[in-house]
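Undergrad: Pasted the sequence and its predicted model underneath.
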Amino acid sequence: MALLEINNLKVQVEGQEIVKDATLSVEAGQVAALMGPNGSGKSTLAYSLMGHPKYKVTSGSIILGGKEITTATPTERAKAGLFLSFQYPSEIPGVSVENFLREAYNSVREKKIGVMEFHKQLAENMGLLGIPESFAGRHINEGFSGGEKKKMEILQMSILAPRMALLDETDSGLDVDALRTVAEGIKRTLNHERGVLLITHYQRILEYIKPDKVYIMKSGRIAAAGNADLSVMVEKKGYDWVTDNGHVQSKAA
C-alpha cells in the first residue's frame, strides 16, 4: 500500500480547472519527483493536497497511509503527518522561529516537549543545516534571503518529521552550496516509514537526491512517468517532447 495515493484528482481555482486528472503514488521510504514547466499545475496540486481552501477538489481522492483525507482540514492533514514546504515562504513578524517551531511540534504530538529540551534539538538541527543559532530568536523569515527561507522550510521539516513531505520547488533560488546543504537535510529526514514528493522544474537537485519515481506534469495532467532516467531525459530535451494529453509517452522505468 502506498503512503500517499492521488487518484484521478481534479482541482479548480476560482472556477477554473487547473489540475485536470492527476494520478500518482509515493511509497514509504521513497522520493518521488514531480517535474513540469511553469503553469503545469504542480503547485496547485501541492496546495490542494494540503487542503488550502482556495483549491477545490471536484473529483478524485487523496489517501494518506490508507486513510482518505480528501475532505480533511489542513490541521487534520498536518496531524496525520502531511507537510508542505512553500515555494514562497511568508514572513511572520512578531513570531520567533523557536517559539513557532515548538508550538508546531507540540500541536502534532501527544507527548509535549519542554523549552530546554526543544532548544537543544533545534540547535542541533540548525547546525546540520548551517543556520546560525541566532536565527532561533529572529522573526520567521523576516529579512531572510531566499536561500535562508528555503533552509527554514527544511528546518521545519526536520523538526516536525512528517510521514509525507511535499516540497514545492525548495531548490529555486539556491546557490550550489545551499542546494547541497538542503538536499542533505532532506535525505536525513528519510527512513523506511516516510516519503517525499519533490516538486521541481530542474534536474539539478536530483543530482543530490536520486528519486525512486519521476512524474512529468503538463497542462494539469501526469503526462509521463518513470524512474530517475526520466529526469535526465528532461534535462537534455526539455518538456516539449512530452505530450500533454494525459497519456504516458515515455517510460524510463
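TA: Alright, I've got the coordinates.
Undergrad: which stretches of the stretch 101-250 of the chain aren't confidently modelled?
TA: Scanning the stretch 101-250 of the chain with the threshold set as pLDDT under 70 gives 243-250.
Undergrad: Tell me where it has strands.
TA: Under the criterion DSSP state E, counting those that start in this stretch, the stretch 101-250 of the chain carries strands at the ranges 139-140, 164-168, 195-200, 213-218, 221-226.
Undergrad: how much does the third one deviate in direction from strand 213-218?
TA: Just to be clear, that refers to strand 195-200. Put simply, strand 195-200 runs at 40 degrees to strand 213-218, going by axes from the mean of the first three to the mean of the last three C-alpha atoms, to 10 degrees.
Undergrad: What is the neighbour count of M116?
TA: 8 (other C-beta atoms under 10 Å). To be clear about C-beta, it is placed using only N, CA and C from the backbone, and glycine gets the same treatment.
Undergrad: With R102 as the reference, measure out to it.
TA: Going from M116 to R102 by C-beta to C-beta, to the nearest Å gives 11 Å.
Undergrad: Can I get the helix or strand containing T44 in PDB, CA atoms only?
TA: Following DSSP states H and E, one finds T44 within helix 42-50. C-alpha atoms of helix 42-50 as PDB (Å, rounded to 0.1, in the frame of the first residue of the first chain):
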ATOM      1  CA  LYS A  42       2.400  21.400  -9.800                       C
ATOM      2  CA  SER A  43       1.900  24.000  -7.100                       C
ATOM      3  CA  THR A  44      -1.900  23.800  -7.400                       C
ATOM      4  CA  LEU A  45      -1.600  20.100  -6.800                       C
ATOM      5  CA  ALA A  46       0.600  20.600  -3.700                       C
ATOM      6  CA  TYR A  47      -1.800  23.200  -2.200                       C
ATOM      7  CA  SER A  48      -4.800  21.000  -2.800                       C
ATOM      8  CA  LEU A  49      -3.100  18.000  -1.200                       C
ATOM      9  CA  MET A  50      -2.600  20.200   1.900                       C
END
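Undergrad: roughly how far out does it sit from the chain middle?
TA: Put simply, helix 42-50 sits 9 Å off its chain's centre (C-alpha atoms, centre = their mean, to the nearest Å).
Undergrad: quick one: contacts of stretch 85-101?
TA: 43, 118-119, 122, 135-142, 144, 149-150, 152-157, 159-160, 165-170, 172 (C-beta atoms under 8 Å, 6 or more residues apart in numbering).
Undergrad: So which of these belong to helices?
TA: Among the contacts of stretch 85-101, the members falling in helices (DSSP state H) are 43, 118-119, 122, 149-150, 152-157, 159-160.
Undergrad: can you name the two of those residues that are farthest apart?
TA: S43 and H119 (33.7 Å; C-beta to C-beta).
Undergrad: quick one, which of these two is more surrounded?
TA: Neighbours were counted for S43 and for H119 using other C-beta under 10 Å; S43 has more, 18 against 15.
Undergrad: Buried ones among the ones in helices among the contacts of stretch 85-101?
TA: When the ones in helices among the contacts of stretch 85-101 are checked for burial by 16 or more other C-beta atoms under 10 Å, the buried set is 43, 118, 122, 149-150, 152-157, 159-160.
Undergrad: Distance to T189 for those residues - can I get that in TSV?
TA: Output for these, formatted as TSV (distance: C-beta to C-beta, whole Å):
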residue	distance to T189
S43	21
F118	17
L122	15
K149	18
K150	15
M152	15
E153	12
I154	8
L155	11
Q156	11
M157	6
I159	10
L160	9
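Undergrad: just the residues you listed now: which is nearest G66?
TA: Using C-beta to C-beta, L160 comes nearest to G66 of those, at 20.9 Å.
Undergrad: check contacts around the closest one.
TA: F83, L101, A104, Y105, V108.
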